[in-house]
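**Student:** sharing a model that was predicted from the sequence below.
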Amino acid sequence: MDVAWLARQIGDPSARGIAAALTDLIREGTVTAQTRLPTVRGLARELGVSSGTVAEAWSELRRHGMIRTDRRRGTVVLGPPDVPRPIRYERLGHWGDRLAIDLTIASPDTALLPPLEAALAAAAGAQGLNDYARETITPGLRAAVEPGWPFPARGWLAVGGGYEGVQLLCQTTALPGDRIAIEEPTGARLLDILERTGAQIIPVACDEHGPLPAALEQALRARPVAFVYQPRGQSPCGHAVTEERSAELAALLEPAKTLIVEDDGIGELSVSPMVSLGARFPDRTVLVRSYSKSHGPDLRIAVVGGAADAVERVRVLRSFGTGWTSRILQDTLAHLLGDAGVRERVAHAREVYARRRARLAAELAARGVRTGGRDGLALWVPVRDEPAALVTLAAHGISVAPGSRYVIGPAPRHHLRLATARLTDDPDELSALADVIALAATGGGRISPSP
């Protein structure tokens with residue numbers, strides 16, 4: 001593209017004006033896909049502005065998926081603006097109708113969920129409904145969750161699921177270009193969320209006990225505005241943070257001002273105790289606890305509790321949209337949490353999920369494929385070659401999630417994530433499944449155990 005021609009199309013040489021002018025040109029088709037744009041310095045010189053002004057405009061266009069920059073071709077137009085997509089979450093693979101066993105999504109077994117009818121009826125009959133007063137959390141739900149919260153929370157909020165809670169916290173904490181530290185590997189949707197905020201992701205390596213102190217220490221040198229991690233039931237690896245590891249992490253976080261976001265994704269289904277950094281840093285820790293997998297995904301409920309200022313920022317942002325979470329759904333969950341029969345049912349589900357996970361892990365270990373972790377609804381399986389393993393499993397009617405979805409960049413080792421919540425309880429069927437997984441993982445050879 002001729003730099004002088006482009007400069008003449010820009011009436012307002014501010015960063016916003018440059019981005020708006022180019023957006024109009026792309027949207028109307030005057031500038032088409034694959035057009036190579038002028039350099040930042042070249043356009044800045046033609047417009048008589050700083051290179052930083054043009055770079056800011058380019059950043060805005062890049063965030064909306066209209067341009068891409070690479071070293072060989074420079075900055076290239078991709079097309080009109082589009083809605084950002086959760087690429088990792090959507091990259092599950094499509095293998096046709098032959099797949100009979102779906103181990104892709106760690107969704108709960110519906111047979112183990114508590115019935116909702118009585119709780120919904122009780123909540124629907126409560127007083128104070130159909131009021132436009134914006135209630136961040138109902139008194140009943142707060143009374144149900146507060147006694148079991150691992151630290152004294154000064155702010156409370158009910159939101160539409162765990163991922164929404166984490167997304168809103170990151171969105172209200174980080175500005176584009178800010179840095180957020182997060183354990184790696186981690187949830188695919190968490191990485192999608194962080195990329196959507198425009199933040200720079202700083203990976204923190206993990207082992208069986210959670211984030212490694214040395215890795216967190218290095219990440220903190222970049223002065224991240226937030227540290228996001230899963231204290232237990234970690235997806236995809238099944239890590240659970242111990243008291244000793246939490247103390248090591250706390251010593252590193254002590255002098256920092258970083259907001260600590262704890263994602264308790266499976267909540268009461270975890271077999272590990274909750275070890276929270278909020279016990280040491282209640283004024284800058286926020287815990288997001290989801291109840292979707294334990295009490296029902298259609299409730300779409302998670303509770304956010306912790307640092308008052310961080311929770312308040314989320315409340316303010318929500319006031320632009322839904323404003324508050326349905327009081328009927330909040331009090332339905334409160335009723336379930338207070339029901340002794342439901343508590344027994346959730347405890348039973350926790351035992352079943354743990355048994356299914358452990359049995360498959362043992363079957364794979366017997367075949368030379370050793371997995372890690374001790375908690376959660378999935379197994380992190382080391383494989384010799386990820387694409388080949390996916391094809392082998394698909395040929396046998398089995399779908400799993402590629403491990404590359406759960407890391408920020410190229411991983412030194414290949415993995416698959418296998419959801420275990422809905423595994424068969426038939427020993428013969430489980431043995432046959434393990435045979436196929438081991439075949440896909442090893443390719444007929446040996447592989448190193450997962451770190």
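**Tutor:** Received, thanks.
**Student:** center of the chain - which residue?
**Tutor:** For the chain, L190 is the residue whose C-alpha lies nearest the centre (CA atoms, centre = their mean; 2.1 Å).
**Student:** list the contacts of it.
**Tutor:** By CB atoms under 8 Å, 6 or more residues apart in numbering, the contact set of L190 is Y163, V166, I182, V228, D263. (Each C-beta comes from the backbone N, C-alpha and C, glycine too.)
**Student:** longest strand anywhere in the protein?
**Tutor:** strand 200-207 (DSSP state E).
**Student:** partners of the next helix or strand after that strand, with directions?
**Tutor:** Downstream of strand 200-207, the next assigned helix or strand under DSSP states H and E is strand 210-211. Strand pairing for strand 210-211, using DSSP bridges, gives strand 200-207 (antiparallel).
**Student:** would you map the helices across the stretch 151-300 of the chain?
**Tutor:** Secondary structure of the stretch 151-300 of the chain (DSSP state H, counting those that start in this stretch): helices located at 162-173, 188-196, 213-220, 243-253, 292-295.
**Student:** most tightly surrounded among those?
**Tutor:** helix 292-295 (a mean of 25; mean count of other CB atoms under 10 Å).
**Student:** let's see the longest strand of the chain as PDB, backbone CA atoms only.
**Tutor:** Output of strand 200-207 as PDB, limited to C-alpha atoms (Å, rounded to 0.1, in the frame of the first residue of the first chain):
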ATOM      1  CA  GLN A 200       0.800 -10.200  28.200                       C
ATOM      2  CA  ILE A 201       0.800 -13.800  29.600                       C
ATOM      3  CA  ILE A 202       3.700 -14.700  31.900                       C
ATOM      4  CA  PRO A 203       3.900 -18.500  32.300                       C
ATOM      5  CA  VAL A 204       4.700 -20.100  35.700                       C
ATOM      6  CA  ALA A 205       5.800 -23.700  35.500                       C
ATOM      7  CA  CYS A 206       4.300 -26.300  37.900                       C
ATOM      8  CA  ASP A 207       5.000 -29.600  39.500                       C
END
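**Student:** tell me the mean pLDDT over it?
**Tutor:** Averaged across strand 200-207, pLDDT comes to 94.
**Student:** next one: stretch 123-137
**Tutor:** Average pLDDT, stretch 123-137: 84.
**Student:** what does it contact?
**Tutor:** 140, 156-158, 303, 315, 319, 323-324, 327-332, 334-335.
**Student:** related to what we said a few turns ago, tabulate the contacts of L190 (TSV), appending pLDDT and distance to L113.
**Tutor:** Formatted as TSV, these follow (pLDDT from 0 to 100; distance: CB to CB, whole Å):
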residue	pLDDT	distance to L113
Y163	93	19
V166	96	23
I182	96	30
V228	97	28
D263	98	21
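**Student:** now, the most widely separated pair of those?
**Tutor:** Maximum pairwise distance among the contacts of L190 (CB to CB): 13.6 Å, between Y163 and I182.
**Student:** I'd guessed L22 sits against A57; true?
**Tutor:** Yes - applying CB atoms under 8 Å, one finds L22 in contact with A57, separated by 7.3 Å.
**Student:** OK, contacts around T32?
**Tutor:** Listed by CB under 8 Å, 6+ apart, the contact partners of T32 are V77.
**Student:** which element is it on?
**Tutor:** Going by DSSP H and E, T32 is not in any helix or strand.
**Student:** any idea how far M1 is from it?
**Tutor:** 10 Å (CB to CB, to the nearest Å).
**Student:** kindly list the main-chain dihedrals of A358?
**Tutor:** In this entry, A358 is assigned phi and psi values of phi -70, psi -40 (degrees, to the nearest 10).
**Student:** quick one: mean pLDDT for stretch 234-248?
**Tutor:** 96.
**Student:** which is the next helix or strand following the helix or strand of the chain with the lowest mean pLDDT?
**Tutor:** Every helix and strand of the chain was ranked by mean pLDDT, DSSP states H and E. The lowest is helix 87-90, at a mean of 60. Remark: after helix 87-90, the chain's next helix or strand is strand 101-102, criterion DSSP H and E.
**Student:** buried set for the next helix or strand after that next one?
**Tutor:** Sequence-wise, the next helix or strand downstream of strand 101-102 (DSSP H and E) is helix 117-124. For helix 117-124, the buried set under the neighbour-count rule, 16 or more other CB atoms under 10 Å, comprises A119, L120, A122, A123.
**Student:** skip ahead from helix 117-124 and say which helix or strand is next.
**Tutor:** Next element after helix 117-124 (DSSP H and E): helix 139-145.
**Student:** that older thread, quick check: angle from the longest strand of the chain to helix 243-253?
**Tutor:** 150 degrees (axes from the mean of the first three to the mean of the last three CA atoms, to 10 degrees).
**Student:** quick check: angle from strand 200-207 to helix 188-196?
**Tutor:** 150 degrees.
**Student:** quick one: distance of strand 200-207 to the chain centre.
**Tutor:** Strand 200-207 has its C-alpha centroid displaced from the chain centroid by 13 Å (CA atoms, centre = their mean, to the nearest Å).
**Student:** got it, and stretch 192-201?
**Tutor:** The chain centre lies 11 Å from the centre of stretch 192-201; the measure is CA atoms, centre = their mean.
**Student:** quick one: contacts of it?
**Tutor:** Counting by CB under 8 Å, 6+ apart, 59, 63, 84, 86-89, 163, 166-167, 170-171, 174-180, 182, 191, 222, 225, 228, 408 sit against stretch 192-201.
**Student:** show me just the buried residues among those residues.
**Tutor:** Among the contacts of stretch 192-201, those classed as buried by 16+ other CB under 10 Å are 59, 63, 88-89, 163, 166-167, 170-171, 174, 178-180, 182, 191, 225, 228.
**Student:** just the element for G29, please.
**Tutor:** Counting by DSSP H and E, G29 is part of no helix or strand.
**Student:** got it, and V381?
**Tutor:** V381 belongs to strand 378-383, assigned by DSSP H and E.
**Student:** let me see the mean pLDDT of that strand.
**Tutor:** For strand 378-383, the mean pLDDT works out to 96.
**Student:** and it, C-alpha only, in PDB?
**Tutor:** Below are the C-alpha coordinates for strand 378-383, written out as PDB (Å, rounded to 0.1, in the frame of the first residue of the first chain):
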ATOM      1  CA  ALA A 378      -9.000 -35.200  34.000                       C
ATOM      2  CA  LEU A 379      -5.700 -37.000  33.400                       C
ATOM      3  CA  TRP A 380      -2.700 -35.300  31.800                       C
ATOM      4  CA  VAL A 381      -1.200 -38.000  29.600                       C
ATOM      5  CA  PRO A 382       2.300 -37.800  28.100                       C
ATOM      6  CA  VAL A 383       2.500 -39.000  24.500                       C
END
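**Student:** so the next helix or strand after that strand versus strand 378-383, what angle?
**Tutor:** Counting by DSSP H and E, the next helix or strand C-terminal to strand 378-383 is helix 386-395. Relative orientation of helix 386-395 and strand 378-383, computed by the same axes, to 10 degrees: 120 degrees.
**Student:** much appreciated, bye for now.
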